[in-house]
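Chemist: Predicted model and sequence follow; I will ask about them next.
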Amino acid sequence: MLANGPAVLPSLLLCDFGHLHAEVERLQQAGARGLHLDVMDGRFVPQLTYGPVVVEAICRAAQVPVDVHLMIEEPESTIGAYIDAGADLVTFHIEGVSDPRRPLEQLREAGVLGLVAISPGTPVAALEPLLSGGDRELCDGVLVMSVEPGFGGQAFLPHAVEKLAALTVFREHRSRPLRLGVDGGISLSTVGPAAAAGAELIVAGSAVLRSDDYARAIQSLEQAAREAA
Ligand code: DX5
Ligand code: ZN
């Protein structure tokens, strides 16, 4: 899934929600290799978006893998609903859980990839117990937030590049891949440094959805990422 180099995952946060099905089709036809859905609960972040019912509708319409980014408190209590909705990847924030192992176990049992996200204020060291302990293989990847979670269209925080580079050491001595992702402020000028530092899952919101040519936006980001990786 999502093999062969960096993949741009358009975030639907800025899409036309009045024509959701058409937006999914348009992104797929434009060459999106996966879709990124931002679930916000109005508590972990100020904005409120949608929940499992809408995620399920998008998963039904999608022919590419769907990554559900949970920006919610206590994701443990609702992760099952996103598994049932058909998510292929589920990303939850380390800041929102007491123990990341339980939700990761639940995802692994369901055959869904489980990734952990870190907000800009959270150091890589916060992931060390999870990524270097005996059950480190439970985690399928890390999403480094390069903006404060909550809104699209913000400026890229360069510190994310150092965090990605620091995370690459945890890829060693594993039997399963540790996928690194970056989310927030991705543009033609920021995608290169992020990919060079190790990001393979490249979430792009405004760079794709605010463009009038989705295909050109996705292709040029992916090409810049490939050249830098
Ligand atoms: C922000 C979301 C992002 C957002 C990215 O909290 O997690 O996925 O859509 O949008 P851009 O690429 O515009 O920063
Ligand atoms: Zn996101």
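Modeler: Cool, got the structure. Numbers count the residues shown, from 1 in each chain. Ligands and ions are numbered 1, 2, ... in the order given.

Chemist: Up against ligand 2, what does the protein have?
Modeler: 38, 69, 183 (CB under 5 Å from the ion). The C-beta positions use only the backbone N, C-alpha and C, and glycine is treated the same way.

Chemist: isn't there a strand covering the first one?
Modeler: Same thing as D38. Yes: with DSSP: H, G, I helix; E, B strand; the rest coil as the criterion, D38 is part of a strand.

Chemist: which ones are touching it?
Modeler: The contact partners of D38, by CB atoms under 8 Å, 6 or more residues apart in numbering, come to 11-13, 49, 69, 71.

Chemist: and the residues of the chain next to ligand 2 near ligand 1, which?
Modeler: Applying CB under 6 Å from any ligand atom to these, one finds that 38, 69, 183 fall near ligand 1.

Chemist: Tell me which residue in the protein sits closest to ligand 1.
Modeler: G205 (2.4 Å; CB to the nearest ligand atom).

Chemist: To what extent is that residue buried, counted in neighbours?
Modeler: 25 (other CB atoms under 10 Å).

Chemist: where are the low-confidence patches of the chain?
Modeler: 1, 3 (pLDDT under 70).

Chemist: any idea how far R101 is from the residue lying farthest from the centre of the chain?
Modeler: Distance from the C-alpha centroid of the chain peaks at G134, with 24.9 Å (CA atoms, centre = their mean). Applying CB to CB, to the nearest Å, the value for G134 to R101 is 11 Å.
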